[in-house]
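In: Sequence plus predicted model, see below.
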Amino acid sequence: GPTYTVLDILQKVFYSNNGAREAFVELCNSKYVQQVTFDSYLYKKVQGNNPLDDIKLLGETIGCLIKGYSIAKPDAVFSNPVESQKRL
């Protein structure tokens, strides 16, 4: 459903590299993000019924991503071919 779609998008956007993870941490300080997260968990569906705050959150998200990418150190190269082969 829509909840898993939103979670999938969040994972792809915010867990792709260090800069994105920094942006996610910064966004979690937002009272609106905390309230929407709590309400979504409580009511078992994606909340966020304030279009003006949703647009504001979009702007904050873009700003946090730009800031996160600009200050974060690049991800370290990671390779574990033996473990990868075990999972195939």
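Out: Okay, I see it. Numbers count the residues shown, from 1 in each chain.

In: residues near the closest residue to Q34 other than its chain neighbours, how many?
Out: Excluding the flanking residues, the one nearest Q34 by CB to CB, 6 or more residues apart in numbering is C28, at 7.3 Å. Where C-beta positions appear, they are placed from N, C-alpha and C, glycine not excepted. With neighbours defined by other CB atoms under 10 Å, the count for C28 comes to 12.

In: mind listing what N49 touches?
Out: Listed by CB atoms under 8 Å, 6 or more residues apart in numbering, N49 has no contact partners.

In: can you count the residues close to K67?
Out: 14.

In: how much space is there between the residue nearest to Q34 and T5?
Out: Distance check for C28 against T5: by CB to CB, to the nearest Å, it reads 20 Å.

In: pLDDT of the host helix or strand of Y32, averaged?
Out: Using DSSP states H and E, Y32 maps to helix 31-43. Mean pLDDT, computed over helix 31-43, is 89.

In: May I have the helix or strand following it as PDB, with CA atoms only?
Out: Note on helix 31-43: by DSSP H and E, the next helix or strand toward the C-terminus is helix 51-71. Extracted as PDB, the C-alpha positions of helix 51-71 are listed here (Å, rounded to 0.1, in the frame of the first residue of the first chain):
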ATOM      1  CA  PRO A  51      -0.800  20.700   2.300                       C
ATOM      2  CA  LEU A  52       1.000  24.000   3.300                       C
ATOM      3  CA  ASP A  53       3.200  22.200   5.800                       C
ATOM      4  CA  ASP A  54       3.800  19.300   3.300                       C
ATOM      5  CA  ILE A  55       5.100  21.900   0.700                       C
ATOM      6  CA  LYS A  56       7.200  23.500   3.400                       C
ATOM      7  CA  LEU A  57       8.600  20.000   4.300                       C
ATOM      8  CA  LEU A  58       9.500  19.400   0.600                       C
ATOM      9  CA  GLY A  59      11.500  22.700   0.600                       C
ATOM     10  CA  GLU A  60      13.200  21.700   3.900                       C
ATOM     11  CA  THR A  61      14.000  18.300   2.400                       C
ATOM     12  CA  ILE A  62      15.600  19.700  -0.700                       C
ATOM     13  CA  GLY A  63      17.600  22.200   1.500                       C
ATOM     14  CA  CYS A  64      18.700  19.400   3.900                       C
ATOM     15  CA  LEU A  65      19.800  17.200   1.000                       C
ATOM     16  CA  ILE A  66      21.800  20.000  -0.600                       C
ATOM     17  CA  LYS A  67      23.400  20.800   2.800                       C
ATOM     18  CA  GLY A  68      24.000  17.100   3.600                       C
ATOM     19  CA  TYR A  69      25.700  16.500   0.200                       C
ATOM     20  CA  SER A  70      27.900  19.500   0.600                       C
ATOM     21  CA  ILE A  71      29.200  18.700   4.100                       C
END
